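Novice: Take this sequence and fold it.
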Amino acid sequence: MNYLYSRSIDTPLGRMVVQGSETHIQSLKFDNTVENLMGDKHPDWLEACDLQIAQYFSAQRQVFDLPIDPQGSAFQQRVWQALLDVRFGDFASYQQLAHAIGNAQAVRAVASANANNPIWLIIPCHRIIGSDLALRGYAGGVVRKAKLLALEGAIISCDNINRVNEKTKLVVK
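Specialist: Prediction:
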């Protein structure tokens, strides 16, 4: 997809690239390959996005208040909307997410929609884990997923967070 605006944001977990229209964020992902593509004009959401991402990583923000417009199918939109209900410090399984959208049999489709979430962090796909509490996958890398969950207060069953894998589990308090 071609975005009107694109900007990289350095975070403690690597560079994120935020892209979108003049009025809405349409993509936010960890990506070290994209550079700033903004000219003299900046989108309406730019300053708020920079501020809120910095606040999130410095433990000063738990909920994002940014205009988003993720592009996807009606099913994906339902899954992404349900992801927004998984609050900071919480997590859910793919099965729970399938139940939340009213289709308990759609676990694999939910997992696929979760993997195709275009607006990471703001739509918190990193908060979805296996029913057995295993981290499972994350497009930004499972180590980054573990670090995001740890930032939000989760306890990871690994003595070195840089060595986690998809089978590493969360510890329920």
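Novice: got the buried residues for the longest helix anywhere in the chain?
Specialist: Counting residues, the longest helix in the chain under DSSP state H turns out to be helix 46-57. Buried residues in helix 46-57, defined by neighbour count with 16 or more other CB atoms under 10 Å: 46, 49, 52-53, 56-57. Backbone N, C-alpha and C define where each C-beta goes, glycine included.
Novice: same question, stretch 61-76
Specialist: Here stretch 61-76 shows 64, 66, 68, 70, 76 as buried, counting by 16+ other CB under 10 Å.
Novice: mind listing the strands in this protein by residue range?
Specialist: Here the chain has its strands, by DSSP state E, at 5-11, 14-20, 25-30, 92-93, 128-129, 155-156, 170-171.
Novice: So which residues make contact with the third one?
Specialist: Looking back up the chat, that one is strand 25-30. 1, 3, 13-20, 45, 49, 66-71, 118-122, 139-141, 144 (CB atoms under 8 Å, 6 or more residues apart in numbering).
Novice: Could you do the last one as well?
Specialist: With CB under 8 Å, 6+ apart as the test, strand 170-171 has contacts from 91, 129, 133, 135, 149, 154-157.
Novice: of those residues, buried ones?
Specialist: Buried by 16+ other CB under 10 Å: 91, 129, 133, 135, 149, 154, 156, out of those.
Novice: I'd say the fifth one and residue 128 touch.
Specialist: No. Counting by CB atoms under 8 Å, no contact exists between residue 149 and residue 128, whose distance comes to 10.4 Å.
Novice: between these two, what contacts are shared?
Specialist: Residues touching both residue 149 and residue 128 by CB under 8 Å, 6+ apart: residue 91.
Novice: Walking through this structure, point out its helices one by one.
Specialist: Under DSSP H, the chain gives helices at 46-57, 74-83, 94-100, 107-115, 142-151.
Novice: Can you tell me which of the buried residues of helix 46-57 comes closest to residue 103?
Specialist: residue 56 (30.5 Å; CB to CB).
Novice: residues in contact with that closest one?
Specialist: Contacts of residue 56 (CB under 8 Å, 6+ apart): 62, 64, 121.
Novice: Turn those into CSV, columns for distance to residue 86.
Specialist: Shown next, in CSV, are the contacts of residue 56 (distance: CB to CB, whole Å):
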residue, distance to residue 86
62, 12
64, 13
121, 12
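Novice: Rebuild those residues as TSV, extending it with distance to residue 161 and pLDDT.
Specialist: Below are those laid out as TSV (distance: CB to CB, whole Å; pLDDT from 0 to 100):
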residue	distance to residue 161	pLDDT
62	21	97
64	24	97
121	18	97
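Novice: Where does pLDDT dip in this protein?
Specialist: 34-40, 173 (pLDDT under 70).
Novice: do that again at 80, thanks
Specialist: Counting by pLDDT under 80, the chain contains low-confidence ranges at 1, 32-41, 173.
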